[in-house]
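1. give me a model of this one.
(chains A and B)
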Amino acid sequence: GENVEQHPSTLSVQEGDSAVIKCTYSDSASNYFPWYKQELGKRPQLIIDIRSNVGEKKDQRIAVTLNKTAKHFSLHITETQPEDSAVYFCAASRPGTYKYIFGTGTRLKVLA
Amino acid sequence: GAGVSQSPSNKVTEKGKDVELRCDPISGHTALYWYRQSLGQGLEFLIYFQGNSAPDKSGLPSDRFSAERTGGSVSTLTIQRTQQEDSAVYLCASSPVFGGTDTQYFGPGTRLTVL
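-> As a prediction, the model looks like this:
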């Protein structure tokens, strides 16, 4: 069935360093890939998304890259700050479907 | 504008009792989704609505779980005869139109604890 694998499950970085989280999806028809950030006790919030017609999208310190051939996409956070500490979820969906297939999440800790 | 809201924010119940969880989607959003998130885990899809109909209920864990949506807006998730393994955060999300390529906006969740 459809599956999204996410790695690593936990990631610790020093403040100011970069963080990279990777996801691999199984359904080659997937064409929409959102990333959500969930702070402790809070709701998941969309931070960036990418559609399959582009290979990269950037928003300030956050970027997402997509490799359709390899069926993987990655979240890049540069110049990390303590407030970036949270759990990050990737997801994939295909046209005409009703649900996201979520990855299992990455707990990011930014050490001051 | 107002985001997705859920009530109650916390619910503690005794094993065997029934509970109802409520979700108010963003006004005008036709699609509504329910997810379950166990402690430290990912997001488990339960059910979605397009308008008032739920075309796929296959994510519901058992027949103790049911959901309805009235007037194309508010939805309730009902868990009958709750069990301890039902303890989790139940998240609702809505999106503007049907289809997996539209952004889902999440509510704050209801934390359910079954004693």
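2. how about the residues of chain B near chain A?
-> By the rule C-beta under 8 Å from any C-beta of the partner chain, the part of chain B lying against chain A is B:4, B:31, B:33, B:41-43, B:45, B:48, B:50, B:55-56, B:59, B:91, B:98-101, B:103-109. From N, CA and C alone the C-beta is placed, and that goes for glycine too.
3. B:Ile79 bridge partners, please.
-> Applying DSSP bridges to B:Ile79 gives these bridge partners: B:Val19, B:Phe65.
4. so which residues of chain A form helices?
-> Counting by DSSP state H, no segments of chain A form helices.
5. could you do chain B as well?
-> According to DSSP H, chain B contains no helices.
6. how about low-confidence regions in it?
-> By pLDDT under 70, the weakly predicted segments of chain B are B:1, B:98-101.
7. chain A: strands as residue ranges?
-> For chain A, applying DSSP state E gives strands covering A:4-7, A:10-14, A:19-25, A:32-38, A:45-51, A:56-59, A:62-67, A:72-77, A:86-92, A:101-102, A:106-111.
8. winner for burial among these?
-> Comparing the strands of chain A on average neighbours per residue, with mean count of other C-beta atoms under 10 Å in any protein chain shown, the densest one is strand A:86-92 at a mean of 24.
9. just give the closest residue to A:Arg43, not the sequence neighbours.
-> The shortest distance from A:Arg43 to any residue other than its chain neighbours is 4.3 Å, reached at B:Phe106 (C-beta to C-beta, 6 or more residues apart in numbering or on different chains).
10. check contacts around that neighbour.
-> Neighbour list for B:Phe106: A:36, A:43-45, B:4, B:91-93 [criterion: C-beta atoms under 8 Å, 6 or more residues apart in numbering or on different chains].
11. cool, B:Gly28 as well?
-> The neighbourhood of B:Gly28, defined by C-beta under 8 Å, 6+ apart, consists of B:Pro96.
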